[in-house]
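Sequence plus predicted model, see below.
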Amino acid sequence: MKRIKVVGIILICLMLLSIILYYLYLNYYISPIPVIETVNINNENKLIIKYKLDENRYRNKIHYIVKNDDVIPNINDKWILSKNNEVSIDLAKDTYYVYLKNEDNKIIKVDNTENLGKITTVNINKEKVYIAVNGTYNVTATFDGIGKIQDKVNWYSEDESIAKVDENGKITGIKKGTTKVSAEIMNEKATVDVIVTNLITVRPKKFNSKKSYLPCGKYSKADNDLLDEILKDRINDAGYKTRAGAVEAARFLALEFPYKIRYFSENGRGSTNGVDGEGRYYHVGLYLDESRYSSIKKKSAGPKTWGCSLYSRPSHGYRSNGLDCSGFVSWAMLNGGFDVGDIGAGLAPHKDLTDYGVRTKFNASVVKSGKVKVGDLLSSGGIQGGHIAMIVGEDNNYYYVAESLWTPPNVAVVIIPYSKKDLFKRYYYVMLMDSYYKEDGNLTKLWY
């Protein structure tokens, strides 16, 4: 009996020893599996994974691997040792699958890392846009990000009673006023200021010959300033100091400005008697308010802004001030970024607008050659003087010519379509301007 008790005690001791040894084995010989605590992207655009372990001595013995697909890694792949119970991964624009491995080569997947992403930048291609009432303007948004990101841009207007925007960034002016339009994607957005104004009109597909002549004193200094901003913005969009920039200045004055600028026989110019602003205005911007008088260095009968009555010495009478033909073309060139000088037109020995580019006799073969482009100048020739104009549009059958005409019904800056079959009967020379402009910019054959 006594022997049985001893055997029993021994068995109990062996059982307890087995339990103790098993416990020690579990704790000292089997590496614990990390438990994920947090997974997020920090302010430095790193993916941070924090985990915990029951045993501190395994603190720096957890390895990790990053993959761009969902194929489970092999234990012999290139694993990276983590530090301080944390994994830090530099993110790019990609999808990330992260796995952890303990000392016993037990592999676990970190959930949801492949769905994490962050937009780092959003940009709109304009800071400010100017739109006529009922007019439209297309803006675009670009963005960059890290991790898995969406590519859907959400557009919205702060005040849809002033301007609306569709899902593609097309803004429509509703009524006069200012608002903001934003492009938002995931966690970031960018904003553009929108100015809807009645100082400009929606560009028609053809010149509106019925629009009124500019009246005297129509615009305030603030109006003139804003119109100058819009003109500059349009030219910058087209490309300042490019062919398209010069064309845009001419298009703006003839199409987007709501009044006709009357033809006025000049009282002088910078290259002759130095008179300024009387049939010409060789300055950047529009000549609509008396605040612009400070730019006038010499006068004859002026100063008077466009639209105001002024004595024309060549015409021997009072007319509404405006631009003659070379005054219009030189103004457009200057505003487009080309300082041609305040000069006239013709084939005289002194320098004039026909001396820019390659002066070429205009005929059917030149038309067929394809060398003639929007932005080239046209001249009717003449030793004592001549008419000068600019091509501002082209389609299969017509050149659209911007010019300041002195004969009814439109004694004004206009755009006239001329058939390609007979335009050279009116204009004897074309100035091919590639060598002068050097760059086309964002040139379009038509303005719509």
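The structure has been received and is ready for your questions.

What degree of burial does the residue lying closest to residue 220 once chain neighbours are set aside show, as a neighbour count?
The shortest distance from residue 220 to any non-neighbouring residue, by C-beta to C-beta, 6 or more residues apart in numbering, is to residue 289 (6.3 Å). Heads up, the C-betas are built off the backbone N, CA and C, glycines and all. By other C-beta atoms under 10 Å, 19 other residues sit near residue 289.

Over to residue 371?
13.

ok, now how distant is it from residue 363?
12 Å (C-beta to C-beta, to the nearest Å).

tell me the contacts of the residue nearest to residue 220?
Going by C-beta atoms under 8 Å, 6 or more residues apart in numbering, residue 289 touches 219, 220, 221, 223, 224, 305.

same check, this time on residue 433
Residue 433 sits in contact with 243, 356, 357, 358, 373, 375, 376, 377, where contact means C-beta under 8 Å, 6+ apart.

go with 7 Å
243, 356, 357, 375, 376, 377 (C-beta atoms under 7 Å, 6 or more residues apart in numbering).

about what we covered before: got a pLDDT number for the residue nearest to residue 220?
pLDDT, residue 289: 98.

Specify the local secondary structure of the nearest residue to residue 398 once chain neighbours are set aside.
Residue nearest to residue 398 in three dimensions, not counting chain neighbours: residue 417, with 4.4 Å by C-beta to C-beta, 6+ apart. Under DSSP: H, G, I helix; E, B strand; the rest coil, the three-state class of residue 417 is strand.

How about residue 241?
Under three-state DSSP, residue 241 comes out as coil.

Number of residues surrounding it?
15.

likewise residue 291?
The number of residues near residue 291, taken as other C-beta under 10 Å, comes to 13.

What's the separation between the residue lying closest to it once chain neighbours are set aside and residue 282?
Distances taken as C-beta to C-beta, 6+ apart place residue 221 nearest to residue 291, at 4.4 Å, with adjacent residues excluded. To residue 282, residue 221 is 20 Å away according to C-beta to C-beta.

Next: residue 427.
Counting by C-beta to C-beta, the gap from residue 427 to residue 282 is 24 Å.

Return the backbone torsion pair for residue 292.
phi -80, psi -10 (degrees, to the nearest 10).

That one: neighbour count?
The burial count for residue 292: 20, using other C-beta under 10 Å.

same thing with residue 374?
The burial count for residue 374: 22, using other C-beta under 10 Å.

Pretty sure it sits against residue 391.
Yes - at 5.4 Å, residue 374 and residue 391 qualify as touching, with contact defined as C-beta atoms under 7 Å.

can you list the domains in this protein?
Following automatic domain parsing, one gets these domains for the chain: 35-115, 118-197, 221-437.

Mind jotting down where the strands sit in the stretch 1-150 of the chain?
35-41, 46-52, 63-67, 80-81, 86-90, 97-101, 107-109, 117-124, 128-132, 136-138, 141-147 (DSSP state E, counting those that start in this stretch).

Kindly reformat those as CSV containing mean neighbour count, mean pLDDT and distance to residue 315.
Shown next, in CSV, are those (neighbours: other C-beta atoms under 10 Å; pLDDT from 0 to 100; distance: least, C-beta to C-beta, whole Å):
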stretch, mean neighbour count, mean pLDDT, distance to residue 315
strand 35-41, 13, 94, 73
strand 46-52, 17, 95, 76
strand 63-67, 19, 96, 81
strand 80-81, 10, 95, 86
strand 86-90, 16, 95, 75
strand 97-101, 20, 96, 82
strand 107-109, 16, 95, 88
strand 117-124, 17, 95, 50
strand 128-132, 19, 98, 34
strand 136-138, 16, 98, 41
strand 141-147, 18, 94, 53
